[in-house]
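Student: I would like the atomic coordinates for the input below:
(one chain, ligands or ions: 1)
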Amino acid sequence: MSPNASPTVSSSTRTIRIGSRKSQLALVQTYWVQEQLQKAFPDRTFEVHTMSTQGDKILDVALAKIGDKGLFTKELEVGMQSHEIDFAVHSLKDLPTNLPEGLMLGVVTEREDPADALVVHEKHKDKQIDTLPEGAVIGTSSLRRLAQLRHHFPHLTFKDIRGNLNTRLAKLDAGEYDAIILAVAGLRRLGMGDRIHQVLPAEVSLHAVGQGALGIECRTDDTEVLSLIQAIEHVPTRDRTLAERAFLRSLEGGCQVPIGVNTQLDGDTLTLTGIVASVDGTKFVKDTVIGSVSTAEKLGTELAQRLRQQGAQEILEEIFQAVQRG
Ligand SMILES: NCc1[nH]cc(CCC(=O)O)c1CC(=O)O
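Tutor: Numbers count the residues shown, from 1 in each chain. Next up, the predicted model:
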């Protein structure tokens, strides 16, 4: 955490209102942000205001079918525009790559392990993703996880799963699934890291853009908030996720799509790997770009262009049309 952004004494010390979803994970993340800011600026007041988003209300429809732009962010954004709240804490992977007029991604915090995790039913406790039996039922509602796992393990069966983390784990334990896939970050942040049976390697599952990091969204013209939140910025995570988001922004067709990434930062050198896959896992394009971290966003755009040349555009158009048909 950089100790820049010293608390400049301003004439008014307004209370800063932080917006959050009400889910358990969102609250853990938001209270963490509040605590860090309170430590950095002990004389300021930071209040948490919770709001329900569309994504919290629609629990019975497969996410892929909703056409997911801003499902978990819209109400918070309206809250910022009406000054009900001053900034919002999001799981960065739920934050669209294009934000509404007047709002921006202020800072990105330090990332947890961005990988996906395999959580198994007790009866498979001696198994790994590559040794689960033929026909084993895997719970996931993410097209990205589905497409990649189908590609690598066509003998497994996949079934949609919704609900919060506790609900999903309960469905697994009740025997509705043989295993489920969840983000390592979410499980760890909720103190359920012990349920992680296997951290899936990048060869098996490239993670979602921004996975494991928090994104703070705020008003573009709120210089005071922008200077306060600098205290929780993590520059290496920011640079990695800038590249990832530029990659996604450049490819995105307006719906939830099977796009995965991995980034490595070695000194000044950023390595960005990405895949675009068809939902059935049969079409699969993957490539890597390497360059200076100072050109992070350009690397993301370049990777998108390369994948498009290898057929990513056709894959994405097919998915978009299928979603439109319902
Ligand atoms: N799409 C829901 C969501 N948004 C953020 C996380 C986990 C935390 C993170 O990835 O930062 C999850 C759950 C999951 O994918 O298992």
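Student: host element of residue 76?
Tutor: Per DSSP states H and E, residue 76 falls inside helix 74-81.
Student: chain center to the helix or strand just after that helix, what's the gap?
Tutor: For helix 74-81, the following helix or strand on the C-terminal side (DSSP H and E) is strand 87-91. In terms of C-alpha atoms, centre = their mean, to the nearest Å, the centre of strand 87-91 is set 12 Å apart from its chain centre.
Student: Pairing partners for strand 87-91, with directions?
Tutor: strand 16-21 (parallel), strand 214-219 (antiparallel) (DSSP bridges).
Student: In CSV, list those along with distance to residue 81 and mean neighbour count.
Tutor: Every C-beta, even on glycine, is put in place using the N, C-alpha and C of the backbone. Conversion of these to CSV gives the following (distance: least, C-beta to C-beta, whole Å; neighbours: other C-beta atoms under 10 Å):
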stretch, distance to residue 81, mean neighbour count
strand 16-21, 11, 22
strand 214-219, 8, 23
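Student: among those, which is nearest the ligand?
Tutor: Taking C-beta to the nearest ligand atom, strand 214-219 is the member of the strands paired with strand 87-91 nearest to the ligand, at 7.3 Å.
Student: The residue in the stretch 201-326 of the chain that the ligand sits nearest to - nearest residue in space that isn't next to it in sequence?
Tutor: Residue nearest to the ligand within the stretch 201-326 of the chain: residue 211 (4.1 Å; C-beta to the nearest ligand atom). The shortest distance from residue 211 to any non-neighbouring residue, by C-beta to C-beta, 6 or more residues apart in numbering, is to residue 114 (4.2 Å).
Student: Next, the one you found: secondary structure please.
Tutor: Using DSSP: H, G, I helix; E, B strand; the rest coil, the structure places residue 114 in coil.
Student: From the centroid of the protein, which residue is nearest?
Tutor: Closest to where the C-alpha atoms of the chain average out (C-alpha atoms, centre = their mean) is residue 93, at 2.0 Å.
Student: That residue and residue 211 touch, don't they?
Tutor: Yes - using C-beta atoms under 8 Å, residue 93 makes contact with residue 211 at a distance of 4.7 Å.
Student: what bridges to residue 286?
Tutor: With DSSP bridges as the criterion, residue 286 is bridged to residue 275.
Student: quick revisit: quick check: the residue of the stretch 201-326 of the chain closest to the ligand vs residue 186, distance?
Tutor: Per C-beta to C-beta, to the nearest Å, residue 211 is found 9 Å from residue 186.
Student: neighbour-wise, which of those two wins?
Tutor: residue 211 (26 against 21; other C-beta atoms under 10 Å).
Student: Identify the residues contacting that one.
Tutor: Residue 211 sits next to 92, 93, 114, 115, 116, 183, 185 when contact means C-beta atoms under 8 Å, 6 or more residues apart in numbering.
Student: repeat that for 6 Å
Tutor: Taking C-beta atoms under 6 Å, 6 or more residues apart in numbering, we find residue 211 in contact with 93, 114, 183.
Student: what secondary structure does the first one sit in?
Tutor: Assigned with three-state DSSP, residue 93 falls in the helix class.
Student: Flag every residue of the stretch 1-150 of the chain that's near the ligand.
Tutor: Residues of the stretch 1-150 of the chain lying close to the ligand by C-beta under 6 Å from any ligand atom are 91, 93, 94.
Student: which stretches of the chain have low pLDDT?
Tutor: 1-12, 58-69, 253-255, 326 (pLDDT under 70).
Student: Residue ranges of each domain in it, please.
Tutor: As given by automatic domain parsing, the domain ranges for the chain are 16-111+212-233, 116-199, 245-325.
Student: Show me the strands in the stretch 51-200 of the chain, by range?
Tutor: Secondary structure of the stretch 51-200 of the chain (DSSP state E, counting those that start in this stretch): strands located at 87-91, 103-108, 116-120, 137-139, 157-159, 179-183, 198-199.
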